[in-house]
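Peer 1: coordinates only, sequence not included:
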């Protein structure tokens, strides 16, 4: 079955192959940000740098990603997305090979910075999928692509541990490079084109960047989702940072697991992410506003389970399933709302939203490590519960103020197609 890109007014549905292609592309690109995270100890030994210095490898990669979000992703509204994504994937492959071949620390930092910038392909793919999906399937399609992105992040840690154990820390970079090159070829030859991919090439680049600030100023819904998204990612990063200490710690304060076993806990998060597209399906049926309440409530429940899981590994695994479902659900509900604002500005809307989202992640990682050091797993969970409650209350306030938003004032037919936030 061939996939045809369509305008939002058509009802042609994307093929499963194309949705899968977008999901894998998003996942493989986002995973490039985290391949080296579990291997910092090996990097510090091999390159003769301190552990703290080795940690900058991940930080520089994330800084590159933020720059890519701010400066590259907006181009998706003004250039051919298929060419843009293919080019970014090719650059990613070259940079990964370069990082694997670099003999020194400084050269490695330069290469991983480029890897981070090119990883922004993940956030070009998401609005691209939303643009060519039919109105009645948009939430479901975005849900599958976002699940692919999150699964890529979670599996990257598991894969890096397995590959590094066999071939050393550089080996995962070459494996990732081969994957990115494969995806570049797949996107170049299989991704659809059509009317939905038509772009406005008349705007200058600086005008594009200024237009992002204009969107933030004009779109109240966007500002709401930016705050909720940052809060959501902060909780996600705090939990996955702190849980490494919990699982590795000995005595009464931890499980004393090996690094290989710790990496496998990411699989529980994958299972939770796989269930999250149901949120998109519900949103497509016109219940986006109600869905927001539900996923924040799930997050509150998940933090209670995580707290109990500090002393029971079975409960902890269940908690991770629930937690990542809640996190992915909030993210999907947010992006579904953002993409409904302006069909012609989805890439720029993505930039505004995702910069806020990953800024929250940087804060969450720092807070998670600090909280575990100061008050252990209990303090981490207490802060997590507090953040989820704040998110729930904030959405309650925002939902009331958004009742008269134009997205909610469409016809009954459009409401049935999932365009309204009921």
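Peer 2: Structure's in. What do you need? Because the structure is a prediction, the values reported are computed rather than measured.
Peer 1: distance from stretch 375-387 to the middle of the chain?
Peer 2: 23 Å (CA atoms, centre = their mean, to the nearest Å).
Peer 1: mean confidence score for it?
Peer 2: The pLDDT scores in stretch 375-387 average 94.
Peer 1: could you do stretch 76-93 as well?
Peer 2: Summarised as a single mean, pLDDT over stretch 76-93 is 91.
Peer 1: what does it contact?
Peer 2: Outside stretch 76-93, the residues that touch it by CB atoms under 8 Å, 6 or more residues apart in numbering are 25, 29, 32, 72, 75, 114-115, 117-121, 124-125, 127-128, 131, 177-178, 180-181, 183-184, 187-188, 191, 193, 197, 199-201, 203, 208, 344-348, 350. C-beta coordinates here come from the backbone N, C-alpha and C atoms, glycine included.
Peer 1: from the residues you listed, which land in helices?
Peer 2: Taking DSSP state H as the definition of helices, these contribute 25, 29, 114-115, 117-118, 121, 124-125, 127-128, 131, 177-178, 180-181, 183-184, 187-188, 208, 346-348, 350.
Peer 1: quick one: the helices in the stretch 251-400 of the chain?
Peer 2: Secondary structure of the stretch 251-400 of the chain by DSSP state H, counting those that start in this stretch: the helices cover 259-264, 266-275, 277-284, 288-308, 313-339, 346-401.
Peer 1: circling back: out of the contacts of stretch 76-93, which are buried?
Peer 2: Neighbour-count burial (16 or more other CB atoms under 10 Å) applied to the contacts of stretch 76-93 gives 25, 29, 32, 72, 75, 114-115, 117-121, 124-125, 127-128, 131, 177, 180-181, 183-184, 187, 191, 197, 199, 208, 345-348, 350.
Peer 1: could you list the low-pLDDT ranges of the stretch 251-400 of the chain?
Peer 2: Along the stretch 251-400 of the chain, segments meeting pLDDT under 70 span 251-253, 259-260, 263, 269, 271-277, 279-280, 283-284, 286-288.
Peer 1: could you do the stretch 101-250 of the chain as well?
Peer 2: For the stretch 101-250 of the chain, applying pLDDT under 70 flags the ranges 193-203, 250.
Peer 1: residue 290 - how many residues pack around it?
Peer 2: Neighbour count for residue 290, taken as other CB atoms under 10 Å: 14.
Peer 1: mind checking the SS state of the nearest residue to residue 368 once chain neighbours are set aside?
Peer 2: Sequence neighbours aside, residue 238 is the residue nearest to residue 368 in space, at 3.2 Å (criterion: CB to CB, 6 or more residues apart in numbering). Three-state assignment for residue 238 (DSSP: H, G, I helix; E, B strand; the rest coil): helix.
Peer 1: give me the number of residues near residue 238?
Peer 2: Under the neighbour criterion other CB under 10 Å, residue 238 is assigned a count of 27.
Peer 1: next: residue 400.
Peer 2: By the criterion of other CB under 10 Å, residue 400 has 9 neighbours.
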